[in-house]
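Enquirer: Here you go, sequence then predicted model.
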Amino acid sequence: MDQLTFQFPAQPCKPSAKASLCGVVSSGNLEVLITQGAQPNGCEVSIHTSAQGFAPIWQAVLADFAAHHALGGTAITINDMGATPAVVTLRLGQAFRDYCGGAQ
Amino acid sequence: MNLPQPSPPSRGPSFYEATARQRVNRLLDAQSFTEFLPPQGAHSSPHLALLGLPGALDDGVVIGSGTLGGKPVLIIAQEGQFLGGAVGEMHGAKIVGLLQRAVRDKPLAVLFLVDSGGVRLHEANAGLIALSEIMRAVLDTRAAGIPVFALIGGVCGAFGGMGIVSRLCSAILMSEQGRLALSGPEVIETVAGVEEFDSRDRALVWRVTGGKHRYLMGDCLALVEDDVEDFRQTTLALLAHWEETAPELHTLRAEQERLSQRCTQFCGLRDGLEVWAALGVPNPQQIPLLERDALVTLRQGLSL
Amino acid sequence: MTLFPLLDTLFPAGHEATVTQQVVTGTALTASGPVALLGTVDAAAISHAIALRLAGQVLHLVEHHPGRPLVLLVDTQGQALSRAQELLCLNGSLAHLARCIDLARRRGHVSLSLITGEAVSGGFLSFGLMADRVYALQSAQVRVMDLKAMARVTKIPHERLVALAASSPTFAPGAENYHRMGAIEALWDTPSSELLEQALAQLRTEPSAGDSRLQQGRMRGGRQEAAAIVAAVLTA
């Protein structure tokens, strides 16, 4: 198992929920929890993943997501069991939408 | 007993395919759910981390309070997609805590959405002890006059210790897709051979452990559609007239008699088809094809 | 040690027990009166037939000998593994057995289990683990699954599991682990009538305050999470 942490600069977001959780930790899937972070202009990401040696890919996927979404002021916790980058992006998007939009 | 038979005009979201959280939110009154020990602020299982496995923030079970038809209930929902919904130390303790809380807070009922293969092998001893504690806690909850309903229709069914726990509940509501047993077919196949139980024969697995079979045999009280709304409506209808009875010698004597009698009656049979024929079902091979309502009607015509 | 020499040692004042198809039933004398004996031998695989015979005996006890203590003799390899058993809902018969022992407790029968041989999974859950207290002989084998099979199923290397088992009581077989986690009250080096009398006396004098295994597990350091989580749920 790898434990990774990243920080990205990002525009501040306007949360409408205290926290949001999407996805389930299962084969090819992951859970993404978004809560309030410490830096209004930054996003902290903490990852536990069963797949070893994919830090550069996580870095790239998350940097891309952070570049396109106002993640400032959030902390993201991820528990992963080998999800593909597409699934990671999908879950991040769902969790972020719930965090900002309050949709079920 | 006459069971309520709600027949929704069109199917809602599948119970089988939903996650534990989706089931909880759709089963309870809208916006009524409050989660206990929510994922934010929680830590995942240290035992899994020690083995190098990513945990889940809820450790595979969602617990909390809400309302059903405006009445307060407590709810437990296992997440079958996370390690087979299996019970480890934290997972089990959340359930025990919820049941103890039920004894204290006296909700109308506890709804237990079972979706579990039983003991989580990665925490085998902790899981087995937790299952024993859950068994005792379910019985304590019922003895306090609070019904505990098991709702079974998820990807993992109810196996191992969770199969026992389910049968300790006041009633079981089950969809056709639900499965209820002790040893999983894979375990039996591994130990006793593929001739004993071919776990890849899905139709056979359902004829032995599935919702229709359990309903025909009286091991589950209600057969529901694979639809969260149908689980909700059936639970509501059952609760409207439910009277939880204290454990009594005469009821256990009656159960002893029922179980003994059927062990004699169906001794040696190995397939649901044989049991259904012995029950007097005219065309047993048609059972897997029957709609829920037709099956309910059929069962009411059997002398059980 | 086989059953009858064991019973001679545990109950020097006398006992009357019979074994029929792996099920032990009987009565024994202790300093404080008669106790009911019930259990299985030869690592019985618990089937419908065995579960229902055990349950029937418990119901008989409740009906005809109110308040008589119950000594459960545990030796089970787990549940019977067959399609015919599952077809008739084996979990239902095991649940029924558990409910009968629970009824006895509620009617004032104190109970203790002594693991004389094996204690495994479903067979242990529905019977031995339902007693007020569980004791084990030092030679007892208590487990869900052996580490080799566990390695196969979890896909974690066997050597890794063996190494981790040295420091964690959470997953590896062994009565001592169950003691540390709160499920076994004590391990007995050898069977002893004094230890049994003590255990029975303790059960009689200490009013049953419900299931205390969580607290025991925390105090003995074998289960660090569970008690705190239950407390957190109660205050959430």
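Expert: That came in fine, so what should we check first? Numbers count the residues shown, from 1 in each chain, chains lettered A, B, ... in the order given.
Enquirer: In three-state terms, label whichever residue of chain C sits closest to chain B for me.
Expert: With C-beta to the nearest C-beta, the shortest gap between chain C and chain B falls at residue C:233, namely 2.8 Å. Backbone N, C-alpha and C define where each C-beta goes, glycine included. Using DSSP: H, G, I helix; E, B strand; the rest coil, the three-state assignment for residue C:233 comes out as helix.
Enquirer: Check whether it really touches residue B:97, as I assumed.
Expert: Yes. Under the contact definition of C-beta atoms under 8 Å, residue C:233 touches residue B:97, with a separation of 2.8 Å.
Enquirer: Overlap of the contact sets of those two?
Expert: Taking C-beta atoms under 8 Å, 6 or more residues apart in numbering or on different chains as the contact rule, residue C:233 and residue B:97 both touch B:36, B:63.
Enquirer: CA atoms only: put the one helix or strand residue A:35 maps to into PDB for me.
Expert: For residue A:35, the enclosing helix or strand under DSSP states H and E is strand A:30-36. Extracted C-alpha coordinates of strand A:30-36, given in PDB (Å, rounded to 0.1, in the frame of the first residue of the first chain):
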ATOM      1  CA  LEU A  30     -12.300   4.400  -4.500                       C
ATOM      2  CA  GLU A  31     -13.900   6.600  -1.900                       C
ATOM      3  CA  VAL A  32     -13.400  10.400  -2.000                       C
ATOM      4  CA  LEU A  33     -14.100  12.500   1.100                       C
ATOM      5  CA  ILE A  34     -14.000  16.300   0.800                       C
ATOM      6  CA  THR A  35     -13.900  18.300   4.000                       C
ATOM      7  CA  GLN A  36     -12.800  21.800   5.000                       C
END
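Enquirer: Counting by contacts, list what the helix or strand just after that strand packs against.
Expert: Downstream of strand A:30-36, the first helix or strand assigned by DSSP H and E is strand A:42-49. Based on contacts counted as 3 or more C-beta pairs under 8 Å, 6 or more residues apart in numbering or on different chains; DSSP states H and E, the elements that strand A:42-49 packs against are strand A:2-9, helix A:55-68, strand A:74-80.
Enquirer: Identify each buried residue in strand A:42-49, please.
Expert: Neighbour-count burial for strand A:42-49 flags A:42-45, A:47-49 (criterion: 16 or more other C-beta atoms under 10 Å in any protein chain shown).
Enquirer: where in the chain is pLDDT low?
Expert: Answering for chain A, as no chain was given. Per-residue confidence of chain A (counting by pLDDT under 70) places the weak regions at A:102-104.
Enquirer: You answered for a different chain; I wanted chain B.
Expert: B:1-11, B:303-304.
Enquirer: near chain A, which residues of it show up?
Expert: Contact residues, chain B versus chain A (C-beta under 8 Å from any C-beta of the partner chain): B:19, B:21, B:25, B:38-40, B:44, B:49, B:52-57, B:79, B:81-82.
Enquirer: Need the single longest helix in chain A, by residues.
Expert: Across chain A, the longest stretch assigned as helix under DSSP state H is helix A:85-101.
Enquirer: what about that one and chain B, any contact?
Expert: No. Residues of helix A:85-101 contacting chain B under C-beta under 8 Å from any C-beta: none, with a closest distance of 11.0 Å.
Enquirer: Who are the packing partners of that helix?
Expert: By 3+ C-beta pairs under 8 Å, 6+ apart, helix A:85-101 packs against strand A:19-22, strand A:30-36, helix A:55-68, strand A:74-80.
Enquirer: got a list of contacts for that helix?
Expert: Under the criterion C-beta under 8 Å, 6+ apart, residues A:13-17, A:19-23, A:28-34, A:57-58, A:60-62, A:64-65, A:69-71, A:74, A:76, A:78, A:80, A:83, A:103-104 lie in contact with helix A:85-101.
Enquirer: Among these, name the buried ones.
Expert: A residue is treated as buried here by neighbour count (16+ other C-beta under 10 Å); on that basis the buried members of the contacts of helix A:85-101 are A:13, A:15, A:19-23, A:29-34, A:58, A:61-62, A:65, A:69, A:71, A:74, A:76, A:78, A:80, A:83.
Enquirer: can you pull the contacts of residue B:160?
Expert: Contacts here follow C-beta under 8 Å, 6+ apart; on that basis residue B:160 touches B:116-119, B:131, B:182-184, C:121-122.
Enquirer: change it to 7 Å
Expert: If a contact means C-beta atoms under 7 Å, 6 or more residues apart in numbering or on different chains, then residue B:160 has B:117-119, B:182, C:122 as its contacts.
Enquirer: taking those residues one by one, which sit in helices?
Expert: In helices, defined here by DSSP H, the members of those are residue C:122.
Enquirer: For the closest residue to residue A:84 other than its chain neighbours, what are phi and psi?
Expert: Excluding its sequence neighbours, the residue lying closest to residue A:84 (C-beta to C-beta, 6 or more residues apart in numbering or on different chains) is residue A:28, at 7.0 Å. Taking degrees, to the nearest 10, you get phi 70, psi 10 for the backbone angles of residue A:28.
Enquirer: Hmm, residue A:28 is touching residue A:83, no?
Expert: Yes. Taking C-beta atoms under 7 Å as the definition, residue A:28 is a contact partner of residue A:83 at 5.7 Å.
Enquirer: before we move on, the earlier item: tell me the buried residues in the longest helix of chain A?
Expert: With burial defined by 16+ other C-beta under 10 Å, the residues of helix A:85-101 counted as buried are A:88-92, A:94-96, A:98-100.
Enquirer: just those now: which is nearest residue C:40?
Expert: Using C-beta to C-beta, the shortest approach to residue C:40 within the buried residues of helix A:85-101 belongs to residue A:91, at 49.4 Å.
Enquirer: ok, so what distance separates that closest one from residue B:59?
Expert: Residue A:91 is 19 Å from residue B:59, where distance means C-beta to C-beta, to the nearest Å.
Enquirer: What count of nearby residues applies to residue B:257?
Expert: Residues within reach of residue B:257, counting by other C-beta atoms under 10 Å in any protein chain shown, total 12.
Enquirer: Please, which helix or strand holds it?
Expert: Since the elements are taken from DSSP H and E, residue B:257 ends up inside helix B:249-265.
Enquirer: Give the buried residues for the helix or strand just after that helix.
Expert: Stepping forward along the backbone from helix B:249-265, the first helix or strand reached (DSSP H and E) is helix B:272-279. Buried residues in helix B:272-279, defined by neighbour count with 16+ other C-beta under 10 Å: B:272-276, B:279.
Enquirer: so what secondary structure elements neighbour the next helix or strand along the chain from helix B:272-279?
Expert: Moving toward the C-terminus from helix B:272-279, the first helix or strand encountered (DSSP H and E) is helix B:292-301. Taking 3 or more C-beta pairs under 7 Å, 6 or more residues apart in numbering or on different chains; DSSP states H and E as the contact definition, the neighbouring helices and strands of helix B:292-301 are helix B:211-216, strand B:222-224.
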